[in-house]
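Enquirer: Build me a model from this:
(2 chains)
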Amino acid sequence: MKGSEITLRCHKIVGGYGEGEALVSHEPICFYLTDPKTGIVRERGHELEGKNLANKVLVFPSGKASSVVQIDGLFKLASNNVAPTALIVKDVETVLIVSAVIAKVPLVDRLEQDPFETIHTGDFVKVDAEKGIVTITKRVSGYTSA
Amino acid sequence: MYLTKEEERMLNGEFGEGMRMAMELLVAIGDAYDAERMVPISRAHAASSGQEGDMYFVELLANGGASCRVPTSTNPVYDIEFFERVFEIPKEEAEVARRVKVGYKRIGAILSWCCIPYIAENIPNYGETVAFSESSATPYVNSVIGARTNREAAQSALAAGVIGKTPEYGLHFKENRRGTFLVKVEATLEDEFDYTLLGYYVGKQIGYGIPVFTGISKRPITEELINLCAMLNTSGAISMFHIHGFTVEAPTVKEAFQGDIPKDKITVTDHELKRVQEELQTTSGKIDLVMLGCPHYTLKQVGEVARLLEGKKIHRDVSFWVCTSATTKLLAERMGYVSVIERAGGHVVADTCIDEPCWHAYRDKVGITDSPKCAYYRRFKEATVARLQDCVEAAIKGERR
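Expert: I've put the predicted structure just below:
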């Protein structure tokens, strides 16, 4: 059985296309506090501590920390091919936009449904920023239903 | 966002890859904030740093043939030649800093390497539309000068300098410059360190928005305003504020709020400032270094350090640093301040920020500074914060009481 598919409109900020497994963070993210070689979150006490951002579609409320470290953080992940494939955010600000443009990672906001209610870690998500469309395939729970 | 024919052509790469990239970034920002159009700017300040992301972007633009269309100043990196003589700097790191410096030169920026360019190297006037990044610079030009800038990153400010325009949104509109929060000051503010404490406390308390300070009776001097700006925008994310009676858009409280006073307010008394000061004093006892000039010291402040060190000797186990701009250092040399500080055993260094890899040697050392912003960067094992006079006293004695 195939998981149910949901298509949502979104607002493009940085164009491009990215897909992958969703990784949802309810806390703001500082890309500097990840391992630049692997993409593993190193920030102590963060809900994603120990999780890997590499090649995921990252869903999070906003960026945080100073512009220098944030931009450098995402840039280093991208240089090592371990950046997220797309970013879905709620509150966008200039530093996050600059980070995404420089790292060439698609960035969207204003999904027509609350991304934190619609998308869960493990869902498969396609982000077509150019067309302004996010497609979510819900993770099928366990093999029994497959 | 509406783009003119010329802007469309820039975005399509007809003016080269550098301008295309700069335009792509500005359009993304414009789209994010629902800007309707781009507006011309008169100047920009790029908060450059000796780090890889910064190097990548400035080289991308310069290699793509871009150059600054309006005066665009730069933030400190570090004086590479000087620090290579004093410390061991990893080759790769020095190379990044060197390439950043070359990149900004190629792109035609004002090579100020200074974080307070708004007092000497790149000064906006009232009402100018600009793009100024850097924590003290954004609130200073908005609040004190009355120029208009949004909160910029180094790269968005550089892109704006290259295109000569910025997306029109946020603080470019008068109605978005109204106060959102009342701060009643009952504390005694006697010197710039009191303003440091005030900025640090208020930034932490309110986080973001536009505070309106009332109850300040003595006109704040430049250094006090610089510190207020830097700390409001370090412990909080504050791009603008008003001081009733003293900043340009706040002749009256009503004008600062553009109408009614909102319900949100805090009161700051001596008690709060004392508590902040205690909180920032993280250690006592032996110290290894003194770090001053975050933000960069003005000529007046370098002169004050010289006055305090006149005829004194810094303890032989203590390194003593004053960071400032090349412009200020030149004048400080001319006025004899630098030789007084050097005779006492200290250094005055230009072009350098405390948040750079050139300070590696102090990673395991205990420092004292008059700036919570300096302490925040965590370049040292421990950095305790105190008034300038106490920092100098600690330098001479080799310990903090």
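Enquirer: Lowest-scoring secondary structure element of chain A by mean pLDDT?
Expert: Scoring the helices and strands of chain A by mean pLDDT, DSSP states H and E places helix A:67-79 at the bottom, with a mean of 88.
Enquirer: is chain B contacted by it?
Expert: Yes: using Cβ under 8 Å from any Cβ of the partner chain, helix A:67-79 reaches chain B at A:67, A:68, A:71, A:72, A:74, A:75, A:76, A:79. In this view, the C-beta of every residue, glycine as well, is placed from N, C-alpha and C.
Enquirer: Number of residues surrounding the second one?
Expert: Applying other Cβ atoms under 10 Å in any protein chain shown, we find 23 other residues in the vicinity of residue A:68.
Enquirer: ditto for the fifth one
Expert: The local packing of residue A:74 (other Cβ under 10 Å) involves 31 other residues.
Enquirer: same check, this time on the first one
Expert: Each residue near residue A:67 was counted by other Cβ under 10 Å, and the total is 28.
Enquirer: Quick check, it in contact with residue A:98.
Expert: Yes: the pair residue A:67 / residue A:98 is scored as a contact, 7.1 Å apart, by Cβ atoms under 8 Å.
Enquirer: who touches both of these two?
Expert: Residues touching both residue A:67 and residue A:98 (Cβ atoms under 8 Å, 6 or more residues apart in numbering or on different chains): B:153, B:154.
Enquirer: Quick check: which element contains the closest residue to chain A within the stretch 1-150 of chain B?
Expert: Going by Cβ to the nearest Cβ, chain A is nearest to residue B:53 of the stretch 1-150 of chain B, at 3.9 Å. Residue B:53 is located in helix B:52-63, with elements delineated by DSSP states H and E.
Enquirer: Show me what that helix is in contact with.
Expert: The contact list for helix B:52-63 (Cβ under 8 Å, 6+ apart) reads A:68, A:71-72, A:74-76, A:79, A:99, A:102, B:17-18, B:21-22, B:48, B:96, B:99-100, B:103-104, B:106-107, B:154-155, B:158-159, B:162.
Enquirer: roughly how far is it from the heart of the chain?
Expert: Here helix B:52-63 is found 21 Å from its chain centre; the criterion is Cα atoms, centre = their mean, to the nearest Å.
Enquirer: Mind listing what's buried along it?
Expert: B:52, B:53, B:54, B:55, B:56, B:57, B:58, B:59, B:60, B:61, B:62 (16 or more other Cβ atoms under 10 Å in any protein chain shown).
Enquirer: Ok, stretch B:125-145 next?
Expert: Neighbour-count burial for stretch B:125-145 [16+ other Cβ under 10 Å]: B:128-145.
Enquirer: ok so, going back, a markdown table please, covering the buried residues of helix B:52-63 and showing pLDDT.
Expert: Shown next, in a markdown table, are the buried residues of helix B:52-63 (pLDDT from 0 to 100):
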| residue | pLDDT |
| --- | --- |
| B:52 | 87 |
| B:53 | 87 |
| B:54 | 90 |
| B:55 | 94 |
| B:56 | 93 |
| B:57 | 95 |
| B:58 | 97 |
| B:59 | 97 |
| B:60 | 96 |
| B:61 | 97 |
| B:62 | 98 |
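Enquirer: Contact residues of chain A facing chain B?
Expert: A:11-14, A:66-68, A:71-72, A:74-76, A:79, A:92-95, A:97-102, A:107, A:109.
Enquirer: Please repeat the previous calculation with a cut-off of 7 Å.
Expert: For chain A, the contact set with chain B under Cβ under 7 Å from any Cβ of the partner chain comprises A:12-14, A:67-68, A:71-72, A:75-76, A:92, A:94-95, A:97-98, A:101-102.
Enquirer: Which parts of chain A are strands?
Expert: Per DSSP state E, chain A has strands spanning A:5-9, A:11-14, A:17-24, A:57-60, A:86-89, A:107-109, A:124-128, A:133-137. These are given in chain order.
Enquirer: Could you identify which of those strands is most buried?
Expert: When the strands of chain A are scored by mean count of other Cβ atoms under 10 Å in any protein chain shown, the highest mean neighbour count falls to strand A:86-89 (a mean of 28).
Enquirer: which stretches of chain A aren't confidently modelled?
Expert: A:1-3, A:141-146 (pLDDT under 70).
Enquirer: go with 80
Expert: Applying pLDDT under 80 to chain A flags the ranges A:1-3, A:65-69, A:140-146.
Enquirer: now the most centrally placed residue in chain A, which residues is it bridged with?
Expert: Geometric centre of chain A, nearest residue: residue A:58, 1.6 Å, by Cα atoms, centre = their mean. Beta-bridge partners for residue A:58, by DSSP bridges, are residue A:23, residue A:87.
Enquirer: Please name the residues that touch residue 37.
Expert: Reading this off chain A. residue A:80 (Cβ atoms under 7 Å, 6 or more residues apart in numbering or on different chains).
Enquirer: right idea, wrong chain: chain B
Expert: Contacts of residue B:37 (Cβ under 7 Å, 6+ apart): B:1, B:2, B:168.
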